[in-house]
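Q: Need coordinates for the below:
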Amino acid sequence: MAGFGFPEVLVILAALVFVFLPFYRIFAKAGYAGMLCLTMIVPILNIIMLLFLAFSEWPILKKLKALEQRLDQ
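A: Next comes the predicted model:
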């Protein structure tokens, strides 16, 4: 079995950047730890995390609602 050469390593690193960087930004902007992007590696967990992101109330939105309530008083 042959090992990985330099071009293969570059392709793998580029793929990791293009996969993990957007998810890192999404999790961070939602108010969660950006390192949750690593859950996208695990096959079933990635689907669960996407559903969690889609249907949960994000911490950043909770903070926004709290600020709006304080301003309304």
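
Q: Give me the contact list for stretch 8-25.
A: Residues from elsewhere that reach stretch 8-25 (C-beta atoms under 8 Å, 6 or more residues apart in numbering): 4, 34, 35, 36, 37, 38, 40. For the C-beta atoms, the positions are set from N, CA and C on the backbone; glycine is no exception.

Q: got the buried residues for it?
A: 20, 23, 24 (16 or more other C-beta atoms under 10 Å).

Q: Let me know the secondary structure of the residue nearest to the spatial centre of the chain.
A: Nearest to the mean C-alpha position of the chain, by C-alpha atoms, centre = their mean, lies residue 23 at 3.2 Å. What DSSP: H, G, I helix; E, B strand; the rest coil gives for residue 23 is helix.

Q: Residue 27: how many residues sit nearby?
A: 21 (other C-beta atoms under 10 Å).

Q: Kindly report the same for the one 4 residues further on.
A: As a burial measure, residue 31 scores 14 neighbours (other C-beta under 10 Å).

Q: ok, now residue 37?
A: Neighbours around residue 37, by other C-beta under 10 Å: 21.

Q: ok, the nearest residue to it once chain neighbours are set aside to residue 34 distance?
A: Excluding its sequence neighbours, the residue lying closest to residue 37 (C-beta to C-beta, 6 or more residues apart in numbering) is residue 23, at 3.8 Å. Residue 23 is 8 Å from residue 34, where distance means C-beta to C-beta, to the nearest Å.

Q: cool, residue 17 as well?
A: In terms of C-beta to C-beta, residue 17 sits 14 Å off from residue 34.

Q: try residue 50
A: Relative to residue 34, and taking C-beta to C-beta, residue 50 is found at 16 Å.

Q: which stretches of the protein have low pLDDT?
A: Applying pLDDT under 70 to the chain flags the ranges 1-2.

Q: Show me where it has its helices.
A: Per DSSP state H, the chain carries helices over the ranges 6-30, 43-55, 59-72.

Q: Just give the number of residues close to residue 36.
A: 17.

Q: dump the residue contacts of it.
A: 23, 27, 49.
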